[in-house]
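Undergrad: pasting the structure only:
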Ligand SMILES: [Ca+2]
Ligand SMILES: [Ca+2]
């Protein structure tokens, strides 16, 4: 397509400056000039003989006028147009071919795709197809949309302009859809703007990563039936895969747990320093989530580590205060008084089971050592 277009747009005129290939003396060159004239229909031919060392300035025009085209100069290579020929360059004895490079004027602009930067697995989204800065006339259009069929599912299309009619579309291969459309009324002379909505859905099982939607071919035809290729477009979407969603959800839950937790010594509170530990785990998980190069394994590992940190934190909640013998969720002299009632009890006593929680050091008796331990806890409470 590109080469065909290039040749039809550019290689309209040719000039041949040929050195003598027969018996002519090497100090002269035959010059043959042929190019399209500006009525866009006929060729003009010119034959001259030049001496080596002469230039062709006097016979080869420095500028050509042709409606709808801009003359870019003379080149040694056709179609590729890399080696420009300066008309002031003297003719040598070797064969010389010059080609005119034309740039078709009046048609510019291209296709544009816009849409969200990221979507979650399973989420629906729309991509808008537009023409921007298209300077030509547009009566019909043929575009091909290509997308990552492994991650995206095409849901449907609809026109965004009442004068833009989608005549037909066909999915020619997985992830390749061709649309044929026509323009009506004012849109025919100014086809710019948002033309078509393409609805997609990220597949529910799509892995995290980038998915692309592209215009891989776009041709707009004018009222004379001339076809103009339009530059393509591409839009990238970051897919937030199911494993990332799981990790994001865990991070959110852990964050809520962290924010609502209160450190302290009361029942229902968490030990001093435990929130910082949980927060470190949350930050680590968030870093893995935010890192675009995180692998599936990284994400699953981060999720497991965060689950473990949440479990440790949850298990650390204070449900019982050792030494709180009067059950008022505090350590105070009332607890010491309750203990004092059991002073001297041993595991040999029949009511040991009822009082054994007062045996702080586990030596099967409640004595001054236990009372000292509780007293210290009360003082430090
Ligand atoms: Ca108490
Ligand atoms: Ca004891």
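TA: Done, it's in. Being a predicted model, the structure only gives us computed values, none of them experimental. Ligands and ions are numbered 1, 2, ... in the order given.
Undergrad: what residues are up against residue 119?
TA: Residue 119 is in contact with 125, 202, 237, 238, 239, 240, counting by C-beta atoms under 8 Å, 6 or more residues apart in numbering. Quick note: C-beta positions are derived from backbone N, CA and C, even for glycine.
Undergrad: ok, of those, which one's closest to residue 268?
TA: Using C-beta to C-beta, the shortest approach to residue 268 within those belongs to residue 240, at 35.6 Å.
Undergrad: any idea what the closest one is bridged to?
TA: residue 120 (DSSP bridges).
Undergrad: double-check it against residue 121; I have them as touching.
TA: Yes. When contacts are counted by C-beta atoms under 8 Å, residue 240 is listed as touching residue 121 (6.6 Å).
Undergrad: show me the shaky parts of the protein.
TA: For the chain, the stretches with pLDDT under 70 are 1-49, 67-70, 78-80, 93-96, 102-107.
Undergrad: the helices in it, which residues?
TA: 2-10, 242-260, 274-290, 296-315, 333-341, 352-355, 368-380 (DSSP state H).
Undergrad: what helices and strands are in contact with the fourth one?
TA: Taking 3 or more C-beta pairs under 8 Å, 6 or more residues apart in numbering; DSSP states H and E as contact, the helices and strands that helix 296-315 lies on are helix 242-260, helix 274-290.
Undergrad: what's the distance between residue 50 and residue 318?
TA: The spacing between residue 50 and residue 318, counted by C-beta to C-beta, to the nearest Å, is 104 Å.
Undergrad: let me fix that, I meant to ask about residue 127.
TA: 54 Å.
Undergrad: more neighbours, these two?
TA: residue 127 (21 against 15; other C-beta atoms under 10 Å).
Undergrad: can I assume that one is in contact with residue 114?
TA: Yes. The criterion here is C-beta under 8 Å, and residue 127 meets it with residue 114 at 7.0 Å.
Undergrad: now do the buried residues in stretch 82-92.
TA: Using 16 or more other C-beta atoms under 10 Å as the test for burial, stretch 82-92 gives 85, 91.
Undergrad: now stretch 270-285: buried residues?
TA: Within stretch 270-285, the residues that count as buried by 16+ other C-beta under 10 Å are 270, 274, 275, 278, 279, 281, 282, 285.
Undergrad: if we can go back for a sec, quickly list what's touching both of residue 127 and residue 114.
TA: residue 235.
Undergrad: who is residue 178 paired with across the strands?
TA: residue 144, residue 170.
Undergrad: pick out the residue of the stretch 151-300 of the chain closest to ligand 2.
TA: The minimum distance from the stretch 151-300 of the chain to ligand 2, using C-beta to the ion, falls at residue 265 (22.9 Å).
Undergrad: torsion angles phi and psi at that residue?
TA: phi -110, psi 0 (degrees, to the nearest 10).
Undergrad: list the contacts for it?
TA: 318, 321, 331, 381.
Undergrad: could you pull up the residues touching the first one?
TA: Listed by C-beta under 8 Å, 6+ apart, the contact set of residue 318 reads 264, 265, 266, 267, 268, 269, 270, 271.
Undergrad: pretty sure the fourth one sits against residue 327.
TA: No. Residue 267 is beyond contact range of residue 327, at 10.0 Å (criterion: C-beta under 8 Å).
Undergrad: turn the helices and strands packed on helix 296-315 into CSV, including distance to residue 346.
TA: Listed next are the helices and strands packed on helix 296-315 as CSV, based on distance: least, C-beta to C-beta, whole Å:
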stretch, distance to residue 346
helix 242-260, 44
helix 274-290, 37
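Undergrad: and of the ones you listed, who's closest to ligand 1?
TA: helix 274-290 (22.6 Å).
Undergrad: quick one: list the elements packing against that closest one.
TA: helix 242-260, helix 296-315.
Undergrad: can you list these in a markdown table and add distance to ligand 2?
TA: Converted to a markdown table, those look like this (distance: least, C-beta to the ion, whole Å):
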| stretch | distance to ligand 2 |
| --- | --- |
| helix 242-260 | 37 |
| helix 296-315 | 28 |
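Undergrad: tabulate those helices in a markdown table, adding columns for distance to ligand 1 and mean neighbour count.
TA: Formatted as a markdown table, the helices and strands packed on helix 274-290 follow (distance: least, C-beta to the ion, whole Å; neighbours: other C-beta atoms under 10 Å):
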| stretch | distance to ligand 1 | mean neighbour count |
| --- | --- | --- |
| helix 242-260 | 26 | 16 |
| helix 296-315 | 23 | 16 |
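Undergrad: would you list those in TSV and tack on distance to residue 210?
TA: As requested, the helices and strands packed on helix 274-290 are exported to TSV (distance: least, C-beta to C-beta, whole Å):
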stretch	distance to residue 210
helix 242-260	13
helix 296-315	15
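Undergrad: what residues are up against residue 336?
TA: Counting by C-beta under 8 Å, 6+ apart, residue 336 touches 371, 374, 375, 378.
Undergrad: roughly how far apart are the second one and ligand 2?
TA: With distances taken as C-beta to the ion, to the nearest Å, residue 374 is found 11 Å from ligand 2.
Undergrad: so what's the residue lying closest to that residue once chain neighbours are set aside up against?
TA: Computed as C-beta to C-beta, 6 or more residues apart in numbering, the closest residue to residue 374 that is not its neighbour in sequence is residue 323, at 4.7 Å. Shown here is residue 323, whose contacts under the criterion C-beta under 8 Å, 6+ apart are 331, 335, 360, 373, 374, 377, 378.
Undergrad: same thing with residue 212?
TA: 147, 148, 234, 235, 236, 237.
Undergrad: over to residue 282?
TA: Neighbours of residue 282 in contact, by C-beta under 8 Å, 6+ apart: 251, 254, 255, 258, 306, 309.
Undergrad: distance check, the third one against residue 261.
TA: Residue 255 sits 11 Å away from residue 261 when distances are taken as C-beta to C-beta.
Undergrad: likewise for the fifth one?
TA: Remark: distance between residue 306 and residue 261 (C-beta to C-beta) = 15 Å.
Undergrad: where do the domain boundaries of this protein fall?
TA: 2-104, 110-239, 243-315, 333-380 (automatic domain parsing).
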